[in-house]
Every structure is written in C-alpha cells, then in structure tokens.
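K.L.:
quick one, structure for this:
(chains A and B)
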Amino acid sequence: MFAYVVRRIIATIPVMAVVALVVFSLLYITPGDPAAIIAGEQASPADIERIRASLGLDQPFLVRFGEWVWQLLHGDLGTSIFTNLPVTTMIAQRFEPTLSLMAVTLCLSIAVAVPMGVVAAWKAGTFIDRLIMAFAVFGFSVPVFVIGYLLAYVFSLEFEWLPVQGYTPLSQGVGPWFENLILPAVTLGCVYVALIARITRATMLEVLQQDYIRTARAKGVGQHDILYIHALKNASVPIVTVIGIGIALLIGGAVVTESVFAIPGLGRLTVDAILRRDYPIIQGLVLLFSFLYVLINLAIDLVYTLLDPRIRY
Amino acid sequence: MSAPTASDLPPGVAVAPEMPTLWPDVRLQTGIAGFVRRHPTVAVGGLLLLMMLMLAVFAPYLGTVDPTALATARRTRPPSVDNWFGTDMLGRDIYSRVVYGARVSLTVGISVATFASIVGLAIGLFSGFVRLADAILSRVMDGLMSIPPILLAVALMALTRGSVSNVIIAITIPEIPRVSRLVRGVVLSLREQPYVHAAVASGTRTPMIMLRHILPNTLAPMTVQATYICASAMIVEAILSFIGAGTPPIIPSWGNIMAEGRALWQVKPFIIFFPAAFLSVSVLAVNLLGDGLRDALDPRMAKGL
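P.N.:
Take a look at the predicted model:
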C-alpha cells in the first residue's frame, strides 16, 4: 500500500516535467517572433527588445530553460510585462473567487449528477431516463456562456431573485458569498453534470445486472438500499475517475463563466492577460492549472484504494 | 401447382398440420425510412448539420447583405422586417453576420477534427508499434493531456496573430493526444490477436500489417471521436473569440458576434441570442451524430450509454 502510494506520487513527476517543458517551449516553437507579437502592432524596436530580454528570448534555449525551471522550483513564475508585479502575487490576489466557484460547482454538480445518473439507470428506457439523457446531450452542446447569459437573464433580470453579477468574498459572510455564486456555479456545472450523469448511468446499468443485485433483491433489500448502497458503491470507481478528468472542463469553463458574471478571479486574470498579451501571466496560469489538475487526479487515484480494496498495484 | 390435399395423397400418409407463424410479422424497413427508424439520432443530427452546411455554403444567396457593412444610423435595432435578427453596435446586420459566421464555425470544427485525427492516428500507430518511441510519445501525450485544452489554446493564441488558421492549429494541438491514445489502445489490443500473429508468421511486413490489419479497425472508434472533437472545437472556437483570443474581430464568427454583444447583453439580449442559438444547434447536431454513430458502429456501447 505505502509502496503503491510512493510509486504513484513519483509517477506524476515526469508528467509535470513534460507539462513544464511544453509550456516553456511554446515561446520557441510558435512561428514568428513572439516578442514582436506580444509587444503589439505599434511597438517600437526598443519595446520589442525590452520584452525579448524580459522573456529571456535573447538567451539560448537550454540556458533559459534551466534558469526558468530553477525559478519555478523556487515558486517564481516570472514578472508581468504590463504591471511589473510578480506573477505569483497577481495569481494569489485572484485565487479566492476561482477556488470558491470551483468548490461550489463541484459540490453542487456531484450532488445533482450522481442521483440523476442512478435514477436514469434504475428507470432505464422510461420517459424519466430519456429526459435525463436528453438533458445530458444538451449540457454537452450548449456553450457555457450561453447558459450563463440565459440564467442571468431569467433569474436576475426577469425575476430579480439573484444578483446579476459580481462576487462577495467569503469574509463578508457565507450568505452573500453563496448568493453570488449560485448562478455561476449552475452555469459552470451544466457540462460537468451531463458528463457525470452519463457515466453514472452507464456504470450503474452494468452493475445492476450483476448476480449479487438479484440476490439482494431476492432477500428483500429495499430499492433505495440496493441502488445507493449495493450498486453505487461498486460503480464508484469510474464515476470518481470522470469527476477527476472533468475538472479540466471546469477549469476551461471557469475562464468564461467568470467573464460572464464579472467575477474577479483567475479566469478574469486570464482574459485581461490575453487582451494585453501579457504572456508571463498566461504561462503561469497554464502551469498552475495543469499542476493542480495533475495533483487532483493523483489524489483521486489514491482515493481509489480506499473505495475499492481490490485495487492493489 | 396447388398444395397437396388429403385426397391426392396415398393412404397412410398424413399432411402435417399447418405451423403457426412463430415470427411476428416484421417487415424489414429499408431505404431512408428504415434508416431514420433505426438510427433516429444520426438522422436528426445529420439533417441539422446539413442545414448548417447549406447555410454556410449558400450564405451570399440567403437574403444576406455584406456582414461587415457599417450603418451607424441604424445601431442596435431590435429584430424587424429589414434586419431579421436586428443590428449590432455598429449597425451591421446580425442575420447576415450569423449566416456568414456558420462558415467560420464549421470550417474550424471540421478542420480540427480532420487534422487532429490524422496526426493523432499517425502518432498512435507509431507508438503502438515502436516500443522505444512509445515510451517517449506516451509521456509527451500524458503531459499534453494534463493541460486543460482551452488554456493551452489560449496560450498558443497569445503567441500568434489572430487568424482562422492559427485558431485551427491552437485547437487541434490539445485534441491530438485524445486521438493518439485511442489509436494506441486499439493497436496494442489488436497486436495480440491471432490473425495479426498469423500475418506476422506468414512474413507480412510491419507497414502492411498496419495498413491492412490494424488501420481498418481504428476507423470506427476514430470516426466517433472525430465527431466529438468537431463539436468541442466549435465550442472552443466560440469561447476563444468570446474572450478575445480567437479570430480577429473583423471576421464575423459566432463567438465574435457574442463578444461584441457582451457589453449590451442586459438591454439588447438579441445580439447574443441569435449566434448563441445557431452555435448550440450546430453543436447539438454534431453531438447527436456522434452518439448515433457510436451506437451504430459499436453495438456493445449502445446498451451502456
């Protein structure tokens, strides 16, 4: 068990190394002169040179890469071209809203999607099943900002039940904080719910055909206990896998959701950085989100061993 | 000749009683009606997609005006007889922009699906057959897959000038590992099949085995994957344009129209509504096509999802 955990943790190191290498190489493998593109159309040659030097593009690839990795290992993601602040500081300032949004979305989505998938599998082939699966297809097809504007229009402008836009920090009370996050979380969660509900239904359908389910039914276990205790527990591994993989969707969606609902988080930071072509910030954000994604999936792999004692590598 | 009756038969021979029909009276439906009945999702998705394709191809003949023509006197007009979907902040006709926008969306979706499939297939086949390359390529693909696709596309777009071809490249790169993993998986499982061993034993060269015995088996799952990639590419293209990292604003794409309507969405929601509806319907069409193809090509999955 301990050996497995250690091996699994070590296995993420090459993945992270490749991520770092890919993100770093982007500056070198993209065609054209990145310094000129970042500087913009009206930049003077001196501006371009300044940006080239600040990105380290005037140094050889390997020298610069070594320096960059060394800084990265010391928690230094470079300096913003536009504000001259360290990228880590700028990310730290914007971290709370994004973390809140993701956490609320994650909890809401799992709480809704898993029962949906279970009910769809239980009532397979009926109207309810079709309805849930139709929702899943729509969830995949309607882009996140469309859902966002639709929800904001209906619930904030028409009914005036919820605040239209903005974010209230958690320190100002849980109530206002949550009120501001409901619509963004539902918006962001739609794709995620669709994904989890689909995989839950598929694995549950498989599990419900097993002999031990028939045995449970024969000895008189209630429907609820069969579904949620006997079946769901055995269907949990693929579901948890998808919850982990789907976090990539949440990260991408958060960028858009935050600009729709004017939440001052990392997504807004990304959009602002794009508009100013502030590449060090984009690079830092891509690295941060990728590492988070790898670590979350590592944690999930380790949780498997708790969920399913049969897994021993 | 009529059926023998009891009187025709020699004595002692009995006629078997007529058997009841065990098969219910099913007429095998053929032709278009049969296809629609057996694969309703493919039919609906295909039809919707075809309509969008027609829209894109025949954009100049569908009562559109120049989608970039400014008319500052008629800004942000609501939908009317003259401007079916209204006009935007610069007085441009939204209907024309939406119809022309179909070109960008479909071009991006189809190109990304095609390029990602071809490159992914090549990498997948190569890493499935060459052990040494597999070790390296798989690590690289794992790394690429760990970067959230939209962020990788954003990073790529930040370093290049906005153009439709750069958008296509930026969306294709994150999708490649999804195809190459799929193909690699198929290759690895097929390599151990008796018929492949037989081909190896009879002296077939590796490239021939790839081409004749492995490649055809990867096509079905790859087609399904390609439709899903097409659907997600259309969404990512719209997202990139929406956050200002996509096609240049001069090109009317659905994402650009929505990006321009963003500031006014509370008072003029129609600017966002129409491109959003067209985008959603197109993506839905491609997704339905993908689901239908998956069920049709892989009956094992039909039961599951």
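
K.L.:
can I get the host helix or strand of residue A:65 as CSV, trimmed to CA atoms?
P.N.:
Assigned by DSSP states H and E, residue A:65 belongs to helix A:61-73. What follows is helix A:61-73 as a C-alpha-only set of coordinates in CSV (Å, rounded to 0.1, in the frame of the first residue of the first chain):
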residue,chain,number,x,y,z
PHE,A,61,17.0,27.7,-25.2
LEU,A,62,18.7,25.4,-22.7
VAL,A,63,20.3,28.2,-20.6
ARG,A,64,16.9,29.9,-20.4
PHE,A,65,15.1,26.7,-19.7
GLY,A,66,17.5,25.8,-16.8
GLU,A,67,17.1,29.3,-15.3
TRP,A,68,13.3,29.1,-15.7
VAL,A,69,13.0,25.7,-14.0
TRP,A,70,15.2,26.8,-11.2
GLN,A,71,13.0,29.9,-10.6
LEU,A,72,9.9,27.7,-10.9
LEU,A,73,11.2,25.3,-8.3
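
K.L.:
dump the residue contacts of the residue positioned nearest the centre of chain B.
P.N.:
Residue closest to the average C-alpha location in chain B (CA atoms, centre = their mean): residue B:227, at 2.3 Å. Residues near residue B:227 by CB atoms under 8 Å, 6 or more residues apart in numbering or on different chains: B:113, B:286, B:287, B:289, B:290, B:293. Just so you know, the C-beta spots here come from the backbone N, C-alpha and C atoms, and that holds for glycine as well.

K.L.:
re earlier: just checking, next helix/strand downstream of the helix holding residue A:65?
P.N.:
That would be, after helix A:61-73 and using DSSP H and E, helix A:87-93.

K.L.:
list the buried residues for stretch B:208-219?
P.N.:
B:209, B:210, B:213, B:214, B:215, B:217, B:218 (16 or more other CB atoms under 10 Å in any protein chain shown).

K.L.:
can you name the residue of the stretch 1-150 of chain B nearest chain A?
P.N.:
Nearest residue of the stretch 1-150 of chain B to chain A (CB to the nearest CB) works out as residue B:143 at 2.7 Å.

K.L.:
would you turn the contacts of residue B:227 into TSV with neighbour count?
P.N.:
Below are the contacts of residue B:227 laid out as TSV (neighbours: other CB atoms under 10 Å in any protein chain shown):
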residue	neighbour count
B:113	26
B:286	30
B:287	22
B:289	26
B:290	24
B:293	21
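
K.L.:
can I get whatever helix or strand residue B:140 lives in as PDB, trimmed to CA atoms?
P.N.:
Using DSSP H and E, residue B:140 sits in helix B:131-145. The C-alpha coordinates for helix B:131-145 follow below in PDB (Å, rounded to 0.1, in the frame of the first residue of the first chain):
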ATOM      1  CA  ARG B 131       8.200   0.300 -28.200                       C
ATOM      2  CA  LEU B 132      11.000   2.800 -27.800                       C
ATOM      3  CA  ALA B 133       9.000   5.700 -29.400                       C
ATOM      4  CA  ASP B 134       6.000   4.700 -27.300                       C
ATOM      5  CA  ALA B 135       7.800   5.400 -24.000                       C
ATOM      6  CA  ILE B 136       8.600   8.900 -25.100                       C
ATOM      7  CA  LEU B 137       5.500   9.700 -27.000                       C
ATOM      8  CA  SER B 138       3.200   8.500 -24.300                       C
ATOM      9  CA  ARG B 139       4.900  10.700 -21.700                       C
ATOM     10  CA  VAL B 140       4.600  13.700 -24.100                       C
ATOM     11  CA  MET B 141       0.900  12.900 -24.700                       C
ATOM     12  CA  ASP B 142       0.200  12.500 -21.000                       C
ATOM     13  CA  GLY B 143       1.800  15.900 -20.400                       C
ATOM     14  CA  LEU B 144      -0.300  17.500 -23.200                       C
ATOM     15  CA  MET B 145      -3.400  15.900 -21.800                       C
END
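
K.L.:
which residue ranges form the helices in the stretch 1-150 of chain A?
P.N.:
Assigned by DSSP state H, counting those that start in this stretch, the stretch 1-150 of chain A shows helices spanning A:2-29, A:34-39, A:45-55, A:61-73, A:87-93, A:95-122, A:127-141, A:144-151.

K.L.:
next: chain B.
P.N.:
Ranges of helices within chain B are B:31-38, B:40-57, B:94-129, B:131-145, B:149-158, B:164-191, B:194-201, B:206-209, B:215-242, B:254-261, B:270-297, B:299-304, based on DSSP state H.

K.L.:
can you spell out which helices and strands pack onto the longest one?
P.N.:
This points to helix B:94-129. helix B:40-57, helix B:131-145, helix B:164-191, helix B:215-242, helix B:254-261, helix B:270-297 (3 or more CB pairs under 8 Å, 6 or more residues apart in numbering or on different chains; DSSP states H and E).

K.L.:
quick one: it to helix B:254-261, angle?
P.N.:
130 degrees (axes from the mean of the first three to the mean of the last three CA atoms, to 10 degrees).

K.L.:
what angle do helix B:94-129 and helix B:131-145 make?
P.N.:
Using the same axes, to 10 degrees: helix B:94-129 against helix B:131-145 is 150 degrees.

K.L.:
now the angle from helix B:94-129 to helix B:270-297?
P.N.:
40 degrees.

K.L.:
any idea how far helix B:94-129 is from the chain center?
P.N.:
With CA atoms, centre = their mean, to the nearest Å as the basis, helix B:94-129 stands 9 Å off its chain's centre.

K.L.:
which parts of it are buried?
P.N.:
Neighbour counts over helix B:94-129 (16+ other CB under 10 Å) mark B:94-113, B:115-117, B:119-121, B:123-129 as buried.

K.L.:
tell me where the stretch 201-305 of chain B is predicted with low confidence.
P.N.:
B:298-305 (pLDDT under 70).

K.L.:
need the residues of it near chain A, please.
P.N.:
Proximity of the stretch 201-305 of chain B to chain A (CB under 8 Å from any CB of the partner chain) is limited to residues B:231, B:235-236, B:238-239, B:242-245, B:258, B:262, B:265-266, B:269, B:272, B:276, B:279-280, B:283-284, B:287-288, B:291, B:303-305.

K.L.:
for PyMOL, write the select line for the buried members of those residues.
P.N.:
Only the buried entries of these go into this PyMOL selection, using 16+ other CB under 10 Å:
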select buried, chain B and resi 231+235+236+238+239+242+243+244+245+258+262+265+269+272+276+279+280+283+284+287+288+291
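
K.L.:
between the helices of the stretch 1-150 of chain A, which one is closest to residue A:214.
P.N.:
helix A:95-122 (14.7 Å; CB to CB).

K.L.:
just checking, what packs against the closest one?
P.N.:
helix A:127-141, helix A:174-208, helix A:232-245, helix A:247-260, helix A:266-275.

K.L.:
redo those helices as JSON lines? Include distance to chain B and mean pLDDT.
P.N.:
Below are the helices and strands packed on helix A:95-122 laid out as JSON lines (distance: least, CB to the nearest CB, whole Å; pLDDT from 0 to 100):
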{"stretch": "helix A:127-141", "distance to chain B": "4", "mean pLDDT": "89"}
{"stretch": "helix A:174-208", "distance to chain B": "4", "mean pLDDT": "89"}
{"stretch": "helix A:232-245", "distance to chain B": "9", "mean pLDDT": "87"}
{"stretch": "helix A:247-260", "distance to chain B": "3", "mean pLDDT": "89"}
{"stretch": "helix A:266-275", "distance to chain B": "5", "mean pLDDT": "88"}
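
K.L.:
most packed of the ones you listed?
P.N.:
Across the helices and strands packed on helix A:95-122, the average number of neighbours (mean count of other CB atoms under 10 Å in any protein chain shown) peaks for helix A:247-260, which reaches a mean of 25.

K.L.:
and that helix, how far out from the chain middle?
P.N.:
7 Å.

K.L.:
same check, this time on stretch A:240-253
P.N.:
5 Å.

K.L.:
what's the first-to-last distance across it?
P.N.:
20 Å (CA to CA, to the nearest Å).

K.L.:
contacts for it next, please.
P.N.:
A:102, A:105-106, A:110, A:144, A:187-188, A:191-192, A:195-196, A:199, A:289, A:292-293, A:296-297, A:300, A:303-304, A:307, B:148-151, B:236, B:239.

K.L.:
thanks a lot, catch you later.
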